[in-house]
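# need a structure here:
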Amino acid sequence: MRRFPESFAVRRASRGSALVAKSRGFTLIEILVVVVILGILAAIVVPRVMDRPGEARIVKAHQDISSIASALNLYKLDNFAYPSTEQGLDALVAKPSGTPDAPNWKGPYLQSRNVPKDPWGRPYQYQQPGQHGEFDVYSYGADGKPGGDGEAADVGNWE
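Residues are numbered from 1 along each chain as shown. From the prediction side, this is the model:
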């Protein structure tokens, strides 16, 4: 049986592992092709998304209002009444004073532990009793004024 020097075995193993390592990576051309494809997709998708920031803000307002309405319902389950207009939405993050009393307050009732602002940076409005139901939670929209059309329209829990 023929024996090879140890240095030969090490060289041979290192060459083999180099081949294995080489076959595991991506070539520069493959990476460039992927980057070009991603660039083309971004060029198609980004303008469509960027044309709709107003629509995205309205959807975000609906989601926030839905979360606030759920928190108000949990508050009522614990305390047998919704917070008054004077107590406001802050009653969802800190035990309110005044009437109606909140004897079983177990908050905060919002995950964020603070009352969110609407997507236009203003506080959400709250009325109890509401004009559209037991309570109204709403935003005045982009213009910050009651009424309006499109992005300036009011967004509320009655929609």
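# tell me the centre residue of the chain?
Lys60 (8.1 Å; Cα atoms, centre = their mean).
# Enumerate every residue touching it.
Pro119 (Cβ atoms under 8 Å, 6 or more residues apart in numbering). Bear in mind the C-beta positions are built from the backbone N, C-alpha and C, glycine included.
# What are the boundaries of the strands in the chain?
For the chain, the strands defined by DSSP state E cover 125-127, 136-139, 155-156.
# tell me the mean pLDDT over stretch 101-108?
What stretch 101-108 shows for mean pLDDT is 91.
# Could you pull up the residues touching the residue nearest to Phe135 when sequence neighbours are not counted?
Leaving out its chain neighbours, the residue that sits closest to Phe135 by Cβ to Cβ, 6 or more residues apart in numbering is Gln128, at 4.3 Å. Taking Cβ under 8 Å, 6+ apart, we find Gln128 in contact with Tyr82, Pro83, Ser84, Thr85, Glu134, Phe135, Asp136.
# let's go with 10 Å and repeat that
Each residue near Gln128 by Cβ atoms under 10 Å, 6 or more residues apart in numbering is listed here: 72, 81-88, 91, 100, 134-137.
# what do you get for Asn114?
Leu89, Asp90, Leu92, Val93, Ala94, Pro108.
# run the last query once more with 7 Å
Residues counted as contacts of Asn114 (Cβ atoms under 7 Å, 6 or more residues apart in numbering) are Val93.
# could you measure it against Gln128, distance?
Distance from Asn114 to Gln128, counting by Cβ to Cβ, to the nearest Å: 20 Å.
# can the strands of the chain go into CSV with extra columns for mean neighbour count and mean pLDDT?
Shown next, in CSV, are the strands of the chain (neighbours: other Cβ atoms under 10 Å; pLDDT from 0 to 100):
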stretch, mean neighbour count, mean pLDDT
strand 125-127, 19, 96
strand 136-139, 23, 96
strand 155-156, 23, 94
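# Nearest to Thr27 among these would be which one?
strand 155-156 (51.5 Å; Cβ to Cβ).
# Give the other helices and strands that the closest one contacts.
helix 53-79, strand 136-139 (3 or more Cβ pairs under 7 Å, 6 or more residues apart in numbering; DSSP states H and E).
# Pick out the shakiest of those, pLDDT-wise.
Among the helices and strands packed on strand 155-156, helix 53-79 carries the lowest mean pLDDT (a mean of 92).
# Near Tyr140, how many other residues are there?
The number of residues packed near Tyr140 is 20, by other Cβ atoms under 10 Å.
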